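> Fold the following and give me the result.
(3 chains)
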Amino acid sequence: MYLDPAFYLRDDVVMIARDLLGKYLCTEINGVVTSGIITETEAYAGTSDKASHAYNGRRTERTETMYRKGGVAYIYLCYGVHSLFNVVTNQEGVPHAVLIRGIKPADGIPEMLNRTGAANLTPKTGIGPGKVTKLLGLHYSMTGRDLTGAEGKAGDRIWIEDRGLKVYDEQLRISARIGVDYAGEDAKLPYRFFISL
DNA sequence: CGGCCGATCCACT
DNA sequence: GTGGATCGGCCGA
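Predicted coordinates for the structure are as follows:
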């Protein structure tokens, strides 16, 4: 079932990053459904977080999506090559987000292999934020799309389901975030969560 | 308007 | 282990 819209509105983005592990990130692109179990996330804690695009209250056309009410997608282009997918959280005006860094493919695996050109799944399939968007057919042009089902059935859809998979603290690994060395002390924050399935 | 660089990935050595 | 791809965002002039 869909995650309750209230899930995205809570104010602790780090807890939300942890809670997203084990949920199913799903897309329907051109009528084809694909999904994967979320296995790796990172929290980006808004205006006080030097690693965040919204640090110090920065607002640009790109980052405006992060300021929206929790429950929409923030997707942006990284290194001129890769689209990276984030879940926007918290109330409107608070630019928190969770980067999805890894999934384990679940539904629509043939289509996902088709998108990547790979012949088979491997343990590394779906590990890496650029891989996630490639597998699920996400593109930065889809930024701002609603995740809670409020946009109805027209057009491509993105949503997150809870299918009852439990993630226990014993499975959990926590570390500093990847690729944010420029963020000074904030680069050391334990905001990365991952599991192996 | 110019220039630098990034929440990455892959091929190649 | 390393470097190239590739281009929009951002900042300073």
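
> how near is A:E61 to A:H82?
Distance, A:E61 to A:H82, using C-beta to C-beta, to the nearest Å: 20 Å. (Glycine included, C-beta is placed from N, CA and C.)

> What residue in chain A is the furthest from its centre?
For chain A, the residue at maximal distance from the C-alpha centroid (C-alpha atoms, centre = their mean) is A:A119, at 25.4 Å.

> list the contacts for it?
The contact partners of A:A119, by C-beta atoms under 8 Å, 6 or more residues apart in numbering, come to A:L113.

> So for it, what's the pLDDT?
We note a pLDDT of 90 for A:A119 in this prediction.

> repeat for A:K153
The predicted local distance difference test score for A:K153 is 57.

> Same question for the one 4 residues further on.
The pLDDT attached to A:R157 in the predicted structure is 95.

> Could you name the specific helix or strand carrying the closest residue in space to it that isn't next to it in sequence?
Nearest residue to A:R157, sequence neighbours excluded (C-beta to C-beta, 6 or more residues apart in numbering): A:E28, at 4.4 Å. Assigned by DSSP states H and E, A:E28 falls within strand A:24-29.

> Quick check: mean pLDDT of the helix or strand following that strand?
Helices and strands here follow DSSP H and E; after strand A:24-29, the next one along the chain is strand A:32-45. For strand A:32-45, the mean per-residue pLDDT is 97.

> Tell me which other helices or strands strand A:32-45 touches.
Packed against strand A:32-45, as judged by 3 or more C-beta pairs under 8 Å, 6 or more residues apart in numbering; DSSP states H and E, are the following elements: helix A:13-20, strand A:24-29, strand A:96-105, helix A:109-116, helix A:129-136, strand A:192-194.

> Can you give the strand pairings for the last one, parallel or anti for each?
In this case it means strand A:192-194. Partners of strand A:192-194 in the sheet, by DSSP bridges, are strand A:32-45 (antiparallel), strand A:173-175 (antiparallel).
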